[in-house]
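Asker: Quick one: sequence and predicted model below, then my questions.
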Amino acid sequence: MSKTIIISNRLPLQISLEDSNLEVTPSVGGLATGLKSFHKDGDSIWIGWSGLTEEEIPENLLDDVKEKARKEDCVAVNLSEEEIDGFYYGFSNRTIWPLFHYFMEYTEADKDHWETYKSVNRKYADEVLKHYEDGDHIWVHDYQLLLVPNMIREKQPEAIIGFFNHIPFPSYEVFRTLPWRDEVLEGVLGADLIGFHTYDYERHFLSSVSRILRHQVNFNEITLPERIVKVDSFPMGIDYNKFEAAAQNHFKNTEEQRTELQRRLDHHSNETPEAKLILSIDRLDYTKGIANRIRAFEYFLDNHPEFIEKVRLVMLAVPSRSNVPQYQRLKREIDELVGRINGKFSTVSWTPIWYFYRSMPFENLIDLYTSCDIALLTPIRDGMNLVAKEFVATRINQTGVLILSEMAGAAHEMNEALIINPNNFEQISQTLIQAIEMPIEEQQQRNKTLQKRLKRYSVEKWANDFMKALHNTSQDRDAFKA
Ligand code: ADP
Ligand code: F6P
C-alpha cells in the first residue's frame with residue numbers, strides 16, 4: 001500500500017539530553033503543530049532532524065534516538081554541528097529567512113553556507129529515497145529544503161512530489177537579489193505541485209519563475225519541457241477541535257487541577273476585575289514585530305494615561321534560533337524595552353508588562369488563550385500566524401478581541417479581526433481602545449463568524465486539499481505524457 005512521506009527540517013518531536021537521558025518534547029512552530037495531526041491520523045512517515053547533533057548523541061544512545069523517533073513513525077536525519085551551522089543557522093536562517101520576510105539588510109550571501117545547504121538538502125533527499133516505494137506521495141516542507149524536490153526527481157523521475165512553503169515568498173524585485181536564485185527555483189520546480197499560504201505568495205513565485213527562468217506560465221501552471229508544475233494557495237488551518245476541546249476542559253478544571261499560571265491569572269482578574277489582559281505569543285523572532293509592539297504599547301500608555309492600571313500586556317516569547325546574531329540582539333532589545341517600560345509606568349500594585357521568555361506546555365498556552373481579553377499580534381511579516389487562529393478557537397463563549405497585523409498571511413482569512421498596520425502606533429493605540437471598549441455582542445458576532453470559518457478550514461482540510469490536488473496533478477501529468 002502506498003504511503004505519504006513527509007519531510008521537513010525538524011521532526012514534530014525534539015529530542016534533547018537531560019543528565020545523560022534522552023528527553024522528548026513537542027516542536028514549536030506552525031509547521032510542526034499544524035502537520036502533526038495529519039501525520040497522526042494518516043498512513044505516513046515523517047523524515048527530519050531530531051534536534052541533537054551527531055556530536056551530541058553519545059554512541060550508546062544512537063539506537064535510542066532512532067527508536068524514540070520510530071515510535072512516532074518518524075525517521076531521524078543525523079546532522080553534524082558543522083552542518084547545522086551552515087545549513088540551519090547559516091543559509092536557512094541568515095539568507096532565506098530574512099530575504100523572504102523582506103529583511104534585506106539582514107540577508108547574508110555566504111558561499112560556504114550555500115554549499116552546506118546543498119549538501120544537507122542532498123542528505124534529506126537521500127533519506128527519502130531510502131524509504132520511497134512506487135506510488136508513494138512525497139510532501140516536502142518549507143524553505144530549509146527548497147532543493148529537495150528536484151534532488152528526488154533526478155533519481156525518481158516518476159515520483160509524485162508536493163512542496164509547501166510555510167513562509168512568505170517575496171516579490172520578484174526582492175527575490176532576484178539572491179545570488180543562487182536560479183538553482184533555488186529549479187530545486188522547487190522538481191515538485192508536481194507547489195503550495196503557498198496566500199495567493200500573493202503564489203503570484204510572486206510565478207512571477208520569479210517566468211522572469212528569471214523564462215518558463216511559460218499560464219494562470220497557475222508552469223510548463224517545463226517534460227512536465228507541467230501546478231502552483232496554488234492553501235491557507236493552513238489549525239486542529240480546531242483540539243483547541244476547542246482543550247478550552248472546554250480548561251473551564252472544567254477543579255481548584256486543584258488549575259496550573260500555577262492560571263492561579264496567577266485568576267488572581268489578577270479577581271484583584272482588578274475591570275482590567276483587561278492583552279496577550280501576545282510568538283517565537284522570539286524579528287519578523288514578529290515584538291519590539292515594535294512594546295513601543296506601540298508605550299505609545300498607548302503615554303497618550304492614554306487613563307488606561308494605566310486598566311490593562312496589562314502578557315507577552316510570551318519562545319526562544320528561537322539563538323545562535324543567529326540578530327536574534328541575540330533582539331533578545332537584548334526586548335529585555336531592555338520591557339525593563340524600561342515597566343520602570344516607567346509601574347505602580348505599587350501594577351506592572352504593565354508580564355514577560356515570559358521560555359517555551360510552555362500546551363496547558364499553559366490554553367491558560368493564556370482563555371484568560372486574556374485581547375490578542376495583540378503585530379508581525380512585520382508572517383507567512384500565516386497560527387497563534388491568531390488558536391486564540392479564536394479557544395474563545396468558547398465567543399468573547400475576546402483579536403488585533404492582527406495586515407502583514408500576517410492569516411489576515412487574509414480573518415477580516416472580522418481588527419486589522420492593523422504594525423508600523424502605525426497611532427492606529428494600534430486607537431485599535432486597543434476600540435478592543436477594550438468593544439461591546440460583548442459585537443465581540444461574539446465577530447468571533448462566531450471567525451470560528452465557523454476556522455472550523456471548516458481546519459488543518460485536516462488543508463492537508464487533504466493539498467494531497468487531493470497533488471494526486472490530481474499526478475494524474476494530469478500521466479495524461480500530458482500520453
Ligand atoms: P511560526 O511558525 O513562525 O513559529 P505560528 O504562529 O504560525 O508561527 O505558529 C506557532 C506555533 O507554535 C503555534 O501552533 C503555537 O501554539 C506554538 N507555540 C507558540 N508558543 C509556544 C510555546 N511557548 N510552547 C509550545 N508551543 C508554542
Ligand atoms: O513556520 C516557519 C518555521 O520556520 C517552520 O519551518 C518551523 O517549524 C518554525 O518556523 C520554527 O522554526 P525553527 O524550526 O527554526 O525553530
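Answerer: Cool, got the structure. Ligands and ions are numbered 1, 2, ... in the order given.

Asker: So which residues lie in contact with stretch 293-310, not counting its own?
Answerer: Surrounding stretch 293-310, the residues in contact under the criterion CB atoms under 8 Å, 6 or more residues apart in numbering are 272, 274-276, 278, 280, 313, 315, 334, 337-338, 341, 344-345, 347, 349-350, 352-353, 376, 378, 422, 425-426, 428-429, 432-433, 436. In this view, the C-beta of every residue, glycine as well, is placed from N, C-alpha and C.

Asker: Inside helices: which ones of the residues you listed?
Answerer: Counting by DSSP state H, the part of the contacts of stretch 293-310 found in helices is 334, 337-338, 341, 344-345, 425-426, 428-429, 432-433, 436.

Asker: Nearest to ligand 1 within this protein, name that residue for me.
Answerer: Of all residues in the chain, Gly30 sits closest to ligand 1, at 2.8 Å by CB to the nearest ligand atom.

Asker: just the buried members of the contacts of stretch 293-310?
Answerer: Buried subset of the contacts of stretch 293-310 (neighbour count, 16 or more other CB atoms under 10 Å): 272, 275-276, 278, 280, 313, 315, 334, 337-338, 341, 345, 350, 352-353, 376, 378, 422, 425, 428-429, 432, 436.

Asker: about what we covered before: so the residue of the chain closest to ligand 1 sits against Ala388, correct?
Answerer: No. Contact criterion CB atoms under 8 Å: Gly30 and Ala388 do not qualify, at 10.8 Å.

Asker: more crowded one of the two?
Answerer: A count of neighbours by other CB atoms under 10 Å puts Ala388 above the other of Gly30 and Ala388, at 28 against 24.

Asker: how about that one, what does it touch?
Answerer: Applying CB under 8 Å, 6+ apart to Ala388 gives the contacts Ala375, Leu377, Leu402, Leu404, Ala408, Ala410, Met414, Ala417.

Asker: do that again at 7 Å, thanks
Answerer: Listed by CB atoms under 7 Å, 6 or more residues apart in numbering, the contact set of Ala388 reads Ala375, Leu377, Leu402, Leu404, Ala408, Ala410, Met414.

Asker: same thing with Pro149?
Answerer: Val140, Ile161, Phe163, Gly187, Val188, Gly190, Ala191.

Asker: can you do 6 Å?
Answerer: With contacts defined as CB atoms under 6 Å, 6 or more residues apart in numbering, Pro149 is in contact with Val140, Ile161, Phe163, Val188, Gly190, Ala191.

Asker: mind checking pLDDT for it?
Answerer: What the model reports as pLDDT for Pro149 is 98.

Asker: The helix or strand of the chain with the lowest mean pLDDT - contacts with which helices or strands?
Answerer: In the chain, no helix or strand scores lower on mean pLDDT, DSSP states H and E than helix 30-41, which sits at a mean of 81. Counting contacts by 3 or more CB pairs under 6 Å, 6 or more residues apart in numbering; DSSP states H and E, helix 30-41 packs against helix 459-481.

Asker: what mean pLDDT would you report for the helix it packs on?
Answerer: pLDDT averaged over helix 459-481 gives 87.

Asker: for that helix, the distance to its chain's centre please.
Answerer: 23 Å (CA atoms, centre = their mean, to the nearest Å).

Asker: other SSEs contacting it?
Answerer: Taking 3+ CB pairs under 6 Å, 6+ apart as the contact definition, the neighbouring helices and strands of helix 459-481 are helix 30-41, strand 193-196.

Asker: Burial-wise, tell me which of these comes out on top.
Answerer: Highest mean neighbour count among the helices and strands packed on helix 459-481 (mean count of other CB atoms under 10 Å): strand 193-196, with a mean of 26.

Asker: What helices and strands are in contact with the helix or strand following it?
Answerer: Per DSSP states H and E, the first helix or strand lying C-terminal to strand 193-196 is helix 199-208. Counting contacts by 3+ CB pairs under 6 Å, 6+ apart, helix 199-208 is packed against helix 172-175, strand 228-233.

Asker: In TSV: these, plus mean pLDDT and distance to ligand 1.
Answerer: Below are the helices and strands packed on helix 199-208 laid out as TSV (pLDDT from 0 to 100; distance: least, CB to the nearest ligand atom, whole Å):
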stretch	mean pLDDT	distance to ligand 1
helix 172-175	98	19
strand 228-233	97	16
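
Asker: Need the winner for burial among the ones you listed.
Answerer: strand 228-233 comes out most buried of those by mean count of other CB under 10 Å, with a mean of 19.

Asker: which helices and strands does the helix or strand following that one pack with?
Answerer: Per DSSP H and E, the first helix or strand lying C-terminal to strand 228-233 is helix 240-252. Contact here means 3+ CB pairs under 6 Å, 6+ apart; on that basis helix 240-252 packs against helix 362-371, helix 386-393.

Asker: now the longest one: mean pLDDT?
Answerer: Computed over helix 362-371, the mean pLDDT rounds to 95.

Asker: does Met360 sit in a helix or strand, and which one?
Answerer: Using DSSP H and E, Met360 sits in no helix or strand.

Asker: May I have the beta-bridge partners of the closest residue to it other than its chain neighbours?
Answerer: Among residues not flanking Met360 along the chain, Leu316 sits closest, at 6.5 Å (CB to CB, 6 or more residues apart in numbering). Beta-bridge pairing of Leu316 under DSSP bridges involves Ile281, Phe356.

Asker: Count the residues that sit near Leu316.
Answerer: Neighbours of Leu316 under the rule other CB under 10 Å: 21.

Asker: wait, it sits on Tyr355?
Answerer: No. Assessed by CB atoms under 6 Å, Leu316 is found out of contact with Tyr355, at 8.3 Å.

Asker: Next up, the contacts around the residue of the chain closest to ligand 1.
Answerer: Applying CB under 6 Å, 6+ apart, we find Gly30 in contact with Met384, Leu386.

Asker: 10 Å instead?
Answerer: Listed by CB atoms under 10 Å, 6 or more residues apart in numbering, the contact set of Gly30 reads 142, 166-167, 197, 236, 238, 283, 382-387, 389, 409-410, 459.

Asker: Repeat that for Val387.
Answerer: 30, 33, 238, 279-283, 288, 316, 365, 369, 375, 377, 379, 402, 404, 408, 410.

Asker: show me which of those residues neighbour ligand 2.
Answerer: Applying CB under 6 Å from any ligand atom to these, one finds that Gly30 fall near ligand 2.

Asker: For the contacts of Pro149, which ChimeraX command selects only the ones that are buried?
Answerer: Selection of buried members from the contacts of Pro149 for ChimeraX, criterion 16+ other CB under 10 Å:
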select :140,161,163,188,190,191
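
Asker: Could you tell me which of the contacts of Pro149 belong to strands?
Answerer: Filtering the contacts of Pro149 for membership in strands, criterion DSSP state E, returns Val140, Ile161, Phe163.

Asker: is it true that the first one touches Val188?
Answerer: Yes. Proximity of Val140 to Val188 meets the contact threshold set by CB atoms under 10 Å, at 8.8 Å.

Asker: Near ligand 2, which residues of the stretch 301-450 of the chain are found?
Answerer: Contact residues (CB under 6 Å from any ligand atom) of the stretch 301-450 of the chain with ligand 2: Ser320, Arg321, Gly383.

Asker: can you do 8 Å?
Answerer: Ser320, Arg321, Gly383, Met384 (CB under 8 Å from any ligand atom).

Asker: Please name the nearest non-neighbouring residue to the second one.
Answerer: Put plainly, it is Arg321. Among residues not flanking Arg321 along the chain, Tyr327 sits closest, at 4.9 Å (CB to CB, 6+ apart).
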